[in-house]
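**Q** Fold the following for me, if possible:
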Amino acid sequence: MADRTTRIEIHGEDFWINGRPTYHGRTWRGFRVEGLLLNARMVQAVFDDLNPETRQRWVYPDTGEWDPERNLQEFLAMLPEYRRHGLLAVTVNLQGGSPEGYSRDQPWENSAFSPDGDVRQPYADRLQRVLDAADAAGLAVIVGLFYQGQDQRLRDEAAVVRAVDAATDLLTQGKWTNALVEINNECDTRYDHSILQPERVHELIERVHVRSRANSHPLQVSTSYRGRGRVPDENVVRVADFVLLHGNGTVDPADIGIQVDRTRALAAYRGQPILFNEDDHFAFDQPANNFAAAVSRHASWGFFDPGDGSPGSPGRGDYVNGYQLVPVNWQITTPRKRSFFDFLANVTGSD
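**A** Numbers count the residues shown, from 1 in each chain. Predicted coordinates:
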């Protein structure tokens with residue numbers, strides 16, 4: 001096993017990497033950047049489609065074929081460049097995200113888990129390569145396990161639990177020190193299994209805690225909620241190591257600050273880091289934007305670029321726009337991508 005070079009820790013409300021706060025000593029516009037984990041939603045890094053009827057939707061325009069290996073290699077090649085601009089974490093999901101941006105129906109099958117909850121080896125191999133490459137580049141990986149619209153591919157609750165155990169074992173056996181865990185993306189959306197819904201998802205957070213500690217490699221775990229100002233429930237905040245928020249649907253940047261303040265006011269909140277790992281608002285050329293608003297409250301912020309998709313209107317991957325529509329062009333090529341990474345570099349001092 002290779003020596004790990006990137007170790008992420010939590011100290012109070014701050015993230016630390018390799019023994020000191022992230023962005024050590026950095027402030028921006030008078031706000032403390034030190035301790036934040038600025039990130040981007042790159043959930044399709046290990047994407048594949050096991051449904052032959054939908055697989056052709058994701059073909060590359062230059063080859064007319066879908067290729068999960070090409071997708072992965074092109075993603076890995078960009079990690080040092082993301083880090084050079086100041087990015088410190090990416091979110092990668094074992095059931096991806098909608099490859100059409102905002103699709104409600106999801107006939108494709110993109111799941112690292114079999115119906116019984118076993119980890120499919122090709123997905124495990126791709127995730128391991130992501131974690132290794134991110135470790136070498138100085139990046140953390142927020143490893144999401146489940147996604148709404150794909151969780152129903154697990155047969156029953158026992159299969160969900162088995163999948164959580166299998167994913168925990170994978171991460172602990174590999175001894176990755178740059179991995180955080182997100183049980184599921186937006187637990188308050190359309191999950192079939194009750195244990196993945198808000199009232200019970202804390203059971204899985206606690207399960208990862210217990211199992212990873214028993215494996216002598218404790219993992220830091222949370223789960224996320226949808227945007228529109230939603231704050232987490234007390235049962236989740238009580239056990240989560242960090243608190244995940246989403247900024248989707250939050251048009252006024254001032255409401256980002258209110259969302260953070262409401263989270264800190266929860267009775268169960270005990271000073272954990274607050275981290276947005278999905279927000280589809282940009283306006284980086286404006287004095288007020290969601291990214292800046294989060295930083296002003298010492299909350300980490302995460303860039304979600306849905307390409308040409310918009311709520312209620314699924315997009316199609318054109319191998320140009322976005323970091324979620326498949327096939328993904330992982331380069332920093334569009335005005336939106338460049339504006340985010342330029343702003344990130346300015347905030348973090350990486351420019």
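**Q** Find the helix or strand that the residue most central in space within the chain is a member of.
**A** Among the residues of the chain, the smallest C-alpha distance to the mean C-alpha position (C-alpha atoms, centre = their mean) belongs to T91, namely 2.5 Å. Secondary structure assigned from DSSP states H and E places T91 in strand 89-93.
**Q** can you give me the strands in the stretch 101-250 of the chain?
**A** Counting by DSSP state E, counting those that start in this stretch, residue ranges of the strands within the stretch 101-250 of the chain are 140-147, 179-185, 220-222, 243-245.
**Q** Which one of those strands lies nearest to N39?
**A** Nearest of the strands of the stretch 101-250 of the chain to N39, taken as C-beta to C-beta: strand 140-147 at 6.8 Å. The way it works is simple: take the backbone N, C-alpha and C, and place the C-beta from them, glycine included.
**Q** Pull the contacting residues for the residue lying closest to W176 once chain neighbours are set aside.
**A** Beyond its immediate neighbours in the sequence, the residue positioned closest to W176 (C-beta to C-beta, 6 or more residues apart in numbering) is L131, lying 4.7 Å away. For L131, the contact set (C-beta atoms under 8 Å, 6 or more residues apart in numbering) comprises V141, V143, G174, W176, N178, A179.
**Q** pLDDT at the third one, what is it?
**A** The model reports G174 with a pLDDT of 97.
**Q** any idea how far it is from A134?
**A** 12 Å (C-beta to C-beta, to the nearest Å).
**Q** neighbour count winner among those two?
**A** When G174 and A134 are compared on other C-beta atoms under 10 Å, the one with more neighbours turns out to be A134, at 24 against 19.
**Q** Run a quick check on that one versus I142, I expect a contact.
**A** No. With contacts defined as C-beta atoms under 8 Å, A134 does not count as touching I142, sitting 10.4 Å away.
**Q** Between those two, which contacts overlap?
**A** Counting by C-beta under 8 Å, 6+ apart, the contacts common to A134 and I142 are V90.
**Q** one step back: list the contacts for the residue nearest to the centre of the chain?
**A** For T91, the set of contacting residues under the criterion of C-beta under 8 Å, 6+ apart consists of N39, A40, R41, M42, V43, V141, I142, G144, E182, N277, E278, G302.
**Q** tell me the two of these that are most distant?
**A** Spatial extent of those (C-beta to C-beta) is set by the pair V141 and E278 at 15.1 Å.
**Q** which stretches of the stretch 1-150 of the chain aren't confidently modelled?
**A** Across the stretch 1-150 of the chain, the ranges flagged by pLDDT under 70 are 1-2.
**Q** Go again with 80.
**A** Along the stretch 1-150 of the chain, the parts satisfying pLDDT under 80 run over 1-2, 102-104.
**Q** which residue ranges form the helices in it?
**A** Ranges of helices in the stretch 1-150 of the chain, per DSSP state H, counting those that start in this stretch, are 68-84, 121-137.
**Q** Ok, the stretch 251-351 of the chain next?
**A** Assigned helices in the stretch 251-351 of the chain, in chain order: 253-264, 290-296, 335-348 (criterion: DSSP H, counting those that start in this stretch).
**Q** which residues sit against the shortest one?
**A** So that's helix 290-296. 28-29, 31, 33, 36, 247, 250, 253-254, 256-257, 260, 276, 279, 281, 283-284, 300-301, 303, 340, 343-344, 347.
**Q** Only the C-alpha atoms, please, for that helix, written as CSV.
**A** What follows is the C-alpha trace of helix 290-296 in CSV, where atoms were taken according to Å, rounded to 0.1, in the frame of the first residue of the first chain:
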residue,chain,number,x,y,z
ASN,A,290,-23.4,32.6,-3.1
PHE,A,291,-19.7,31.6,-2.9
ALA,A,292,-18.8,34.9,-1.3
ALA,A,293,-21.8,34.8,1.0
ALA,A,294,-20.7,31.3,2.3
VAL,A,295,-17.2,32.5,2.9
SER,A,296,-18.5,35.5,4.9
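**Q** Appreciated, that's everything.
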